[in-house]
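Asks: pasted the sequence and its predicted model underneath.
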Amino acid sequence: MPGTAQMAEIKTVVLVHGGFADGSCYAKVIPLLTAKGLKAIAAQSPMSSLADDVKAVKRTLSQQEGPVLLVGHSWGGAVITEAGNDPQVAGLVYIAAGAPNSGESFNAWLKGYTPMLGRAEMKPYGNDGYIALTELGVRQFAQDLPREEADLVYAVQGPLAARCFDDKVSKAAWTTKPSWYIVASEDRAIPPALESDSAKGIKATTLTLASSHVPMLSQPDKVADFILKAVTTLNANSHIDETQAAAC
């Protein structure tokens with residue numbers, strides 16, 4: 001078909017952290033992705049509301065060239081579910097992450113599943129509606145990290161506005177974008193059964209790891225490999241679409 005624009009390859013991965021964290025949670029994954037020729041950059045979310053976090057991710061997207069693979073961990077899954085509607089986003093990768101439906105909040109997504117140990121360790125942080133995890137809470141959900149590393153995760157955590165978990169996704173990007181999901185079978189923060197059910201519900205290509213809630217820290221090689229496979233799949237599909245368009 002004459003005049004059809006060539007579809008660009010994905011060369012950039014934007015990583016979105018979860019609650020009580022920052023972009024450094026991907027510190028082990030980023031070098032593995034860049035070693036394969038990808039640009040990997042972490043967005044820094046303020047964790048003040050879903051809308052604010054989405055705005056921060058879109059700000060990061062606006063600085064990238066070409067299509068992007070968007071990756072989210074934990075609460076960051078809700079963020080990419082909304083931000084992923086951006087036309088620059090070619091696909092979504094969820095890492096032990098929330099995947100609410102349209103009109104659904106993170107808390108509503110969790111409803112009906114047995115509460116995990118870590119949620120009891122979310123405590124008020126100041127008097128303006130923010131919460132943070134206790135040291136014990138971090139050690140509970142990062143149980144497969146060395147204690148010193150888990151304590152570092154605790155030390156650099158950022159407080160999260162409790163309202164975030166009740167903010168509703170307007171339109172779930174996974175309904176129109178291809179998705180991948182890493183289920184952490186030993187997760188103590190989000191029920192593994194919910195992760196597995198969500199992966200099936202969004203028709204995601206799924207990898208199950210015997211990991212805590214933070215596989216990008218405990219098994220970064222496997223997480224990076226999964227992300228690379230998502231990029232490879234999307235790029236291969238873009239070549240197929242390009243070939244079909246040229247034949248028209």
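Replies: Great, that's in hand.
Asks: center of the protein, which residue is that?
Replies: Taking Cα atoms, centre = their mean, the centroid of the chain lies closest to Gly72, which sits 0.9 Å from it.
Asks: next, the buried residues of stretch 105-116.
Replies: Neighbour-count burial for stretch 105-116, counted by 16 or more other Cβ atoms under 10 Å, picks out 105-107, 109-110, 116. Heads up, the C-betas are built off the backbone N, CA and C, glycines and all.
Asks: same question, stretch 25-36
Replies: Buried residues in stretch 25-36 (16+ other Cβ under 10 Å): 25-26, 28-30, 32-33.
Asks: what does that stretch contact?
Replies: 13, 15, 17-18, 40, 42, 73, 153, 214, 216-217, 220-221, 223-225, 227-228 (Cβ atoms under 8 Å, 6 or more residues apart in numbering).
Asks: can you do 10 Å?
Replies: Residues from elsewhere that reach stretch 25-36, judged by Cβ atoms under 10 Å, 6 or more residues apart in numbering: 12-13, 15-18, 23-24, 38-42, 69, 71, 73-74, 76, 95, 153, 156-157, 214-228, 231-232.
Asks: could I get it in CSV with only the CA atoms?
Replies: C-alpha atoms of stretch 25-36 as CSV (Å, rounded to 0.1, in the frame of the first residue of the first chain):
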residue,chain,number,x,y,z
CYS,A,25,14.5,-0.7,42.2
TYR,A,26,15.4,-1.4,38.6
ALA,A,27,19.2,-0.8,39.2
LYS,A,28,20.0,-4.4,38.5
VAL,A,29,17.8,-4.7,35.4
ILE,A,30,18.8,-1.5,33.6
PRO,A,31,22.4,-2.6,32.9
LEU,A,32,21.2,-5.9,31.5
LEU,A,33,18.9,-4.2,29.1
THR,A,34,21.4,-1.6,28.0
ALA,A,35,24.0,-4.3,27.4
LYS,A,36,21.6,-5.7,24.8
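Asks: any idea of the mean pLDDT in that stretch?
Replies: In this model, stretch 25-36 has an average pLDDT of 98.
Asks: cool, stretch 222-242 as well?
Replies: For stretch 222-242, the mean per-residue pLDDT is 88.
Asks: now do the contacts for the nearest residue to Ser218 once chain neighbours are set aside.
Replies: Leaving out its chain neighbours, the residue that sits closest to Ser218 by Cβ to Cβ, 6 or more residues apart in numbering is Asp144, at 4.5 Å. Applying Cβ under 10 Å, 6+ apart to Asp144 gives the contacts 150, 184, 186, 210-215, 217-219.
Asks: report the two of those residues separated the most.
Replies: Ala150 and Ala210 (17.5 Å; Cβ to Cβ).
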